[in-house]
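Trainee: I would like to see how this sequence folds:
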Amino acid sequence: MEKIYQIYGRDAHDMTLRLLTAANAIARVPAGGSVALKPNLVVTGRPEDGAVTHPGVVSGCVEYFRAHGVRDISVIESSWVGDRTMSALRASGLEAVCDKWDVPFYDLKKDETRPVDTPVGKIDVCRRALDAGLLVDLPVLKGHCQTRMTCALKNLKGCIPDREKRRFHAMGLTKPIAALGAALRPGLVVVDSICGDLDFEEGGTPVQTDRMFLCTDPVTADAYAAHLMGLSLDQVGYISLAAEYGGGEAAYDPGDIVALNAPSDAAAYIKPSGKVAKLTKRVRQDQACSACFANLVRALHVTGRTDIDIAIGQGYKGRTFDGLGVGRCCKGAAKCVMGCPPTAGQIARALEEA
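Mentor: Numbering: from 1, shown residues only. Coordinates of the predicted model:
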């Protein structure tokens, strides 16, 4: 089974360096080969809004690969139809990273394309993505109003021209996303799950998760991402389909998760606002780790259960509580979802049974 390296915190640069080092990522670069970094710059927005990749993820990658002798490093991306890639680059903070590290950025809206054979027919793919010695996928784990979730596979949609993006929507997204993932298949995936939107690709209702993870199989990465979101593979149809198309393995073994630190190493959850505040109106949190709290928010969002008294956080150690406790710190509750942290799926099942 594919190993998944996972780390908690908020320093995207340092977390990325530690993930790449633990996974010996340099071994994925062919001798004398180039590295193309593909972040998510879908819209003009800030990372803290839950839509675009944190700039520290890119700078961490650049520092790591430079330190290991790779000189041909670039950043490639195109925003969604209707937005300007360069505007998104500046707003995200990535332009400053490219300037500081003297790394070229290529707007794939202006790139040449080549047709690639896929299980759903030919798809025009941008040349810089196809020609990279190592294509590094740097998605944001977040919700999506049409596909429920977007992560490694759907992030590759930025490697096709706008005309193909329009065609993907006309085809219903699921099949072409799966086909593109199987055809392009990045050699490394570093997932930014520090904060991601609950519902929408363009951000606005972020949930602070303070987590990142690395995998070399984009299908496995998405299978694990769905699990973290509290979603089944049936709810995100392109994951299993990508596996059927030969893009990877739509499964993961919990025993293959390599934890580089513990959820308690992340900061306490920040004060929720907007939609998150509505979802958590009956949640009593006391020193809750962001990883645990985010999984609870995902579960509340998926199940729609906001009618249950819930306790969460390290402040509940040794205390009793009549409602539902989330995490082993709350084992004194009448019913507790054990784990450190429990997954969104485990919490969702407990909510549905309550």
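
Trainee: tell me which helix or strand of this protein sits lowest on mean pLDDT?
Mentor: For the chain, the helix or strand with the lowest mean confidence is helix 275-279, at a mean of 80 (criterion: mean pLDDT, DSSP states H and E).

Trainee: quick one: low-confidence ranges for the stretch 201-350 of the chain?
Mentor: 269-274, 290 (pLDDT under 70).

Trainee: ok, now the stretch 51-200 of the chain?
Mentor: Within the stretch 51-200 of the chain, the segments meeting pLDDT under 70 span 200.

Trainee: for stretch 124-141, how far is the first residue from the last?
Mentor: 25 Å (Cα to Cα, to the nearest Å).

Trainee: What residues sit buried inside it?
Mentor: 125-126, 128-130, 132-141 (16 or more other Cβ atoms under 10 Å). Using the backbone N, CA and C atoms, a C-beta is placed for each residue, glycine as well.

Trainee: Could you do stretch 232-244 as well?
Mentor: 233, 236-243.

Trainee: Excluding chain neighbours, give the residue nearest to the residue nearest the centre of the chain in space.
Mentor: Here the mean C-alpha position of the chain is nearest to the C-alpha of residue 141 (Cα atoms, centre = their mean), at a distance of 2.5 Å. Leaving aside its sequence neighbours, residue 141 sits nearest to residue 193 (Cβ to Cβ, 6 or more residues apart in numbering; 4.1 Å).

Trainee: Need the three-state assignment for the one you found.
Mentor: strand (DSSP: H, G, I helix; E, B strand; the rest coil).

Trainee: contacting residues for it?
Mentor: Residues near residue 193 by Cβ atoms under 8 Å, 6 or more residues apart in numbering: 140-141, 209, 211-213, 225, 228.

Trainee: and what of residue 194?
Mentor: If you count contacts by Cβ under 8 Å, 6+ apart, residue 194 has them with 10, 12, 47, 54, 208-212.

Trainee: isn't residue 328 right up against residue 339?
Mentor: Yes: using Cβ atoms under 8 Å, residue 328 makes contact with residue 339 at a distance of 6.5 Å.

Trainee: list residues touching both of the two?
Mentor: By Cβ under 8 Å, 6+ apart, no residue touches both residue 328 and residue 339.

Trainee: Strands of the stretch 201-350 of the chain, residue ranges please.
Mentor: Remark: strands assigned in the stretch 201-350 of the chain by DSSP state E, counting those that start in this stretch are 206-215, 257-259, 283-285, 310-312, 321-326, 333-337.

Trainee: will you turn the buried residues of stretch 232-244 into TSV that also has distance to residue 281?
Mentor: What follows is the buried residues of stretch 232-244, written out as TSV (distance: Cβ to Cβ, whole Å):
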residue	distance to residue 281
233	31
236	28
237	32
238	33
239	32
240	35
241	37
242	37
243	39
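
Trainee: Next, the distance between the ends of stretch 164-184.
Mentor: OK, stretch 164-184 end separation, Cα to Cα: 15 Å.

Trainee: between the buried residues of stretch 232-244, which is closest to residue 197?
Mentor: Nearest to residue 197 out of the buried residues of stretch 232-244 is residue 236 (Cβ to Cβ; 15.4 Å).

Trainee: How about the contacts made by that closest one?
Mentor: 147-149, 222, 226.

Trainee: Go again with 7 Å.
Mentor: 147-149, 226 (Cβ atoms under 7 Å, 6 or more residues apart in numbering).

Trainee: Next: residue 329.
Mentor: 313-314, 316-317.

Trainee: ok, back up a step: and of the contacts of residue 194, the nearest to residue 253?
Mentor: So of these, ranked by how close each gets to residue 253 (Cβ to Cβ), first place is residue 211, at 18.6 Å.

Trainee: List the beta-bridge partners for the closest one.
Mentor: residue 8, residue 193 (DSSP bridges).

Trainee: So it sits against residue 8, correct?
Mentor: Yes: if you go by Cβ atoms under 7 Å, residue 211 and residue 8 touch, sitting 5.5 Å apart.
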